[in-house]
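**Q** here you go, sequence then predicted model.
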Amino acid sequence: MKRLGITMGDPAGVGPEIIMKALGDGTEFGGKYVVYGAVDILKFYNDLLKLDCKFKEIQAPEEYEDGVINVIDPNHLTMDQYEIGKLSAKCGDAAYQYIAHAIADANAGKIDAVVTAPLNKEALHMGGHNYDGHTEIFATLTGTKKYAMMFYGPLKIMHVSTHCSLREACNRATKQRVLDCIELMDKALKQTGMENPLIAVAGLNPHAGEHGLFGMEEIEEIIPAIEAAKEEGINVTGPIPPDSVFNKTLNGIYDAAIAMYHDQGHIAAKLQLMSECVNCTIGLPIIRTSVDHGTAFDIAGKGIASGDNMKQSMRVAEEFLNNK
């Protein structure tokens with residue numbers, strides 16, 4: 001049987017709650033998942049949510065037991081060591097350890113995919129791990145050089161750049177990086193069963209530069225990347241003005257879109273139904289999906305966080321795995 005891992009994210013956030021809501025009824029996702037997290041904290045949310053789950057702490061995925069929630073707990077964080085909804089170096093370090101252990105098991109072939117609950121970037125840094133986020137941790141710990149963030153939902157978007165200043169994002173919109181993203185998107189879509197997906201590339205500048213009137217990046221970098229991708233046989237078009245490309249993609253004119261920077265793609269993605277939008281890292285040697293929301297410290301510990309996006313992230317991980 002295929003085995004998947006779930007990392008608990010920042011313990012002070014909603015990660016443990018949404019995991020329990022996804023696994024708690026024991027139906028759709030039973031018999032597949034190992035949680036990398038804290039047994040004590042998961043038990044707290046089991047009681048808070050009035051579930052009746054049993055837990056088993058294991059040292060490795062091969063010790064998996066049916067009928068219980070199997071947990072690999074690398075640092076045994078307990079509820080009395082932090083405050084729900086508050087930044088904590090201890091929680092930031094714990095979140096990193098869950099991810100690192102899951103990636104190590106995936107690299108070793110012990111699990112087949114990793115689904116991640118949200119971490120807090122500030123807490124992560126407080127804990128001594130200076131990464132921009134999940135994507136960079138996965139790339140580093142798998143030794144991956146060519147990768148990209150992709151939103152997988154009704155609107156499919158990949159980002160040329162993510163966590164950097166807007167000024168730096170302009171510098172990162174190079175021919176090679178745009179071409180890399182087109183290639184990664186084409187491969188990802190074909191992995192989900194699309195035979196010849198049509199990919200639209202957004203412009204960087206207003207009106208996609210208007211033939212150089214509003215900027216030269218389209219002429220000097222983006223169009224050459226698109227032409228190079230076409231020579232490889234990829235079905236790609238653009239650059240399309242960024243104020244229209246995402247609406248056209250959502251309406252089925254294109255199968256997916258390449259966004260030039262973080263907010264260009266994120267704003268479009270988050271205007272759709274959030275529960276259906278899943279964050280994937282494409283280009284890794286392992287499958288990784290994630291919820292498309294943060295730690296939500298303001299509602300953590302109240303039992304009101306929705307588990308729908310976590311469930312969708314698990315479904316998408318299984319979809320990629322089944323088509324691998």
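**A** Arrived safely, thanks for sending. Only a predicted model underlies this, so the values are computations on that prediction, with no experimental measurement involved. Numbering: from 1, shown residues only.
**Q** just how off-centre is whichever strand or helix holds Thr289 within its chain?
**A** For Thr289, the host element (DSSP states H and E) is strand 287-290. Going by CA atoms, centre = their mean, to the nearest Å, the spacing between the C-alpha centre of strand 287-290 and its chain's C-alpha centre is 5 Å.
**Q** give me the sheet partners of it and which way each runs.
**A** Paired strands of strand 287-290, with direction, are strand 113-116 (parallel), strand 278-282 (antiparallel) (DSSP bridges).
**Q** comparing those, which yields the minimum mean pLDDT?
**A** Least confident of the strands paired with strand 287-290, judged by mean pLDDT, is strand 278-282 with a mean of 92.
**Q** any residues touching that strand, and which ones?
**A** For strand 278-282, the external contacting residues (CB atoms under 8 Å, 6 or more residues apart in numbering) are 134-135, 138-139, 147-153, 158, 184-185, 187-188, 288-292, 309, 312-313, 316, 320. Every C-beta, even on glycine, is put in place using the N, C-alpha and C of the backbone.
**Q** among those, which are in helices?
**A** When helices are assigned by DSSP state H, the members of those inside them are 134-135, 138-139, 184-185, 187-188, 309, 312-313, 316, 320.
**Q** and after the helix or strand hosting Phe44, which helix or strand comes next?
**A** For Phe44, the host element (DSSP H and E) is helix 39-48. Tracing the chain C-terminally past helix 39-48 and defining elements by DSSP H and E, one meets strand 55-57 next.
**Q** state the mean pLDDT of that next one.
**A** The pLDDT scores in strand 55-57 average 96.
**Q** strand partners (parallel or antiparallel) of that strand?
**A** Taking DSSP bridges as the criterion, strand 55-57 forms sheet pairs with strand 69-72 (parallel).
**Q** just the buried ones from the contacts of strand 278-282?
**A** If you count burial by 16 or more other CB atoms under 10 Å, the buried members of the contacts of strand 278-282 come out as 134-135, 138-139, 147-153, 158, 184-185, 188, 288-292, 309, 312-313, 316, 320.
**Q** neighbours of Pro241, how many?
**A** Taking other CB atoms under 10 Å as the criterion, the count of residues near Pro241 is 16.
**Q** against Val245, how distant is the residue nearest to it when sequence neighbours are not counted?
**A** Distances taken as CB to CB, 6 or more residues apart in numbering put Ala208 closest to Pro241, at 4.7 Å, once the chain neighbours are dropped. Look at Ala208 and Val245: by CB to CB, to the nearest Å, they are 9 Å apart.
**Q** shared neighbours, these two?
**A** Residues touching both Ala208 and Val245 by CB under 8 Å, 6+ apart: 202, 238.
**Q** returning to what we had before: ok, so of the ones in helices among the contacts of strand 278-282, who is nearest Ala202?
**A** Nearest to Ala202 among the ones in helices among the contacts of strand 278-282 is Met185, at 12.1 Å by CB to CB.
**Q** the closest one contacts Ile199, doesn't it?
**A** Yes: under the contact definition of CB atoms under 8 Å, Met185 touches Ile199, with a separation of 5.5 Å.
**Q** mutual contacts of those two, please.
**A** Taking CB under 8 Å, 6+ apart as the contact rule, the neighbours common to Met185 and Ile199 are 256, 258.
**Q** domains of this protein?
**A** Under the assignment named as automatic domain parsing, the residue ranges that make up the domains of the chain are 1-145+283-324, 155-272.
**Q** out of everything not next to it in sequence, what's closest to Lys190?
**A** Pro197 (7.0 Å).
**Q** backbone dihedrals for that neighbour, both of them.
**A** With angles defined as degrees, to the nearest 10, Pro197 sits at phi -60, psi 140.
**Q** burial count for it?
**A** Around Pro197 there are 19 other residues, counting by other CB under 10 Å.
**Q** now swap in the one 4 residues further on and tell me
**A** By other CB under 10 Å, the residues close to Val201 number 31.
**Q** sec struct for it, please.
**A** Assigned state for Val201: strand (three-state reduction, DSSP: H, G, I helix; E, B strand; the rest coil).
**Q** just the helices in the stretch 201-324 of the chain please.
**A** Across the stretch 201-324 of the chain, reading from the start of the chain, the helices by DSSP state H, counting those that start in this stretch fall at 217, 223-231, 245-250, 262-270, 308-322.
**Q** of those helices, which is nearest His129?
**A** Checking the helices of the stretch 201-324 of the chain against His129 by CB to CB gives helix 262-270 as the closest, at 20.5 Å.
**Q** off-centre distance for that closest one?
**A** Using CA atoms, centre = their mean, the distance from the centre of helix 262-270 to the centre of the chain it belongs to is 14 Å.
**Q** ok, and for that helix, which residues are buried?
**A** In helix 262-270, counting by 16+ other CB under 10 Å, buried: 262, 264-266, 268-269.
**Q** cool, and stretch 212-227?
**A** When neighbours are counted by 16+ other CB under 10 Å, the buried residues of stretch 212-227 are found to be 215, 217-218, 221-226.
**Q** if anything else comes up later, I'll come back, but that's it for now.
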